[in-house]
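Q: Prediction below, plus the sequence it came from.
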Amino acid sequence: MRTRVPVALLLFLIVLAFGCVPQKRVVFFQKDKNAPPDLPYLNQDYEFVIAPFDILALQITGMTNEEGQNIVAPFNTPVIATGAGGAGSYASGIVVDKNGEITLLYAGKIKLAGLTLPQASDTVRAALSKYIIDSGNNVTVNLKILNYSVTVLGEVGSQGILRAENEFMTVSEVLARSGGITEFGNRQTVRIIRTDRLTKLTTTYRLDLTKQTSVSPILSRLQPGDIVLVDPMRRKQYNSAGQVIGVISTFVSVPLLLFSIYQLINQ
């Protein structure tokens, strides 16, 4: 005697099989078998250094002529009212070329790649000293990075690119600004993909946000160009299947209900 599989059970199994989205189709940047393993994320401080293709804002102040005019104004980049987060900021800066140099009026080429912002400010001031008489040592050179940003992807409230208002942005801040991790986000395997801005070598780090010691409020400082990935948990697959089952059940149950009413009326 053959056992007959109920139609409802068969329908459920078919929907479950086709409704589940495979994990490999929803996870970003999956590695092949020959790729090196991910490294555990270590809390470490990071001091920003300038790299080729950075965009810098330059402001020089402190020198005026007898008429009260700023004689160093031609060296300055325009000030954009939109601030650090505005789209217009990029257009206002000086681009570091592929050789790590910027070009300034009179001073010409100045090598800045590999320098911190204070070191670069001193370098620019020294290069301009031939053209600016600063007997009172009143001239100040301020440099700011305009393209300091990180990308957030995966199971967060809002994916996108986040701009830093200064040279400091942590893992906790990035997750908070992106709306936090969703209920399907895997908090134990958050990935940080980092490409060294000078050597161009890429390394992937993993951190477990369920452990208090994983992220330091101060030392978990991200670097420009970092990608923060929050992978989905496997139970998201079954949630997708449940949604499909719910929709199909609605379409199936309504005709069955109408058929049952019809039978009752015609008895």
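A: Yep, it's here. Numbering: from 1, shown residues only.
Q: Quick check on residue 119: phi, psi?
A: Per-residue torsions, residue 119: phi -60, psi -40 (degrees, to the nearest 10).
Q: no, scratch that, I was asking about residue 222
A: Taking degrees, to the nearest 10 as the convention, residue 222 sits at phi -90, psi 160.
Q: burial measure for it, as a count.
A: Residues near residue 222, counting by other CB atoms under 10 Å, number 22. Placement of C-beta: from N, CA and C, glycine included.
Q: Quick check: pLDDT value at it.
A: Note on residue 222: pLDDT of 90.
Q: Spit out the contact partners of the closest residue in space to residue 97 that isn't next to it in sequence.
A: Spatial nearest neighbour of residue 97, excluding adjacent residues (CB to CB, 6 or more residues apart in numbering): residue 52 at 6.7 Å. Residues near residue 52 by CB atoms under 8 Å, 6 or more residues apart in numbering: 96-100, 113.
Q: Then residue 208?
A: Residue 208 touches 187-190, 214, counting by CB under 8 Å, 6+ apart.
Q: do that again at 6 Å, thanks
A: Counting by CB atoms under 6 Å, 6 or more residues apart in numbering, residue 208 touches 188, 214.
Q: quick one: the residue nearest to residue 195 when sequence neighbours are not counted from residue 52, how far?
A: Counting by CB to CB, 6+ apart, residue 195 lies nearest to residue 202, which is 4.5 Å off, once chain neighbours are set aside. Counting by CB to CB, to the nearest Å, the separation of residue 202 from residue 52 is 17 Å.
Q: now the stretch 1-150 of the chain, which segments are flagged as low pLDDT?
A: Along the stretch 1-150 of the chain, the model assigns pLDDT under 70 to residues 1-27, 29, 62-91, 132-138.
Q: Go ahead and confirm the residue nearest to residue 195 touches residue 196.
A: No. Using CB atoms under 6 Å, residue 202 is not in contact with residue 196; the gap is 7.8 Å.
Q: Which strands or helices does the longest strand seen in the chain pack on?
A: Scanning the chain for the strand with the most residues, using DSSP state E, yields strand 185-195. Judged by 3 or more CB pairs under 6 Å, 6 or more residues apart in numbering; DSSP states H and E, the packing partners of strand 185-195 are strand 202-207, strand 227-232.
Q: Among the ones you listed, which comes closest to residue 160?
A: strand 227-232 (11.0 Å; CB to CB).
Q: Adjacent strands (with direction) for that closest one?
A: In the sheet, strand 227-232 lines up against strand 149-154 (parallel), strand 185-195 (antiparallel) (DSSP bridges).
Q: before we move on, the earlier item: got a winner among the contacts of residue 52 for most neighbours?
A: residue 96 (23 neighbours).
Q: got a markdown table for the strands paired with strand 227-232, with mean neighbour count and distance to residue 124 too?
A: As requested, the strands paired with strand 227-232 are exported to a markdown table (neighbours: other CB atoms under 10 Å; distance: least, CB to CB, whole Å):
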| stretch | mean neighbour count | distance to residue 124 |
| --- | --- | --- |
| strand 149-154 | 20 | 24 |
| strand 185-195 | 19 | 27 |
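Q: could those strands go into TSV alongside distance to residue 229?
A: Converted to TSV, the strands paired with strand 227-232 look like this (distance: least, CB to CB, whole Å):
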stretch	distance to residue 229
strand 149-154	5
strand 185-195	4
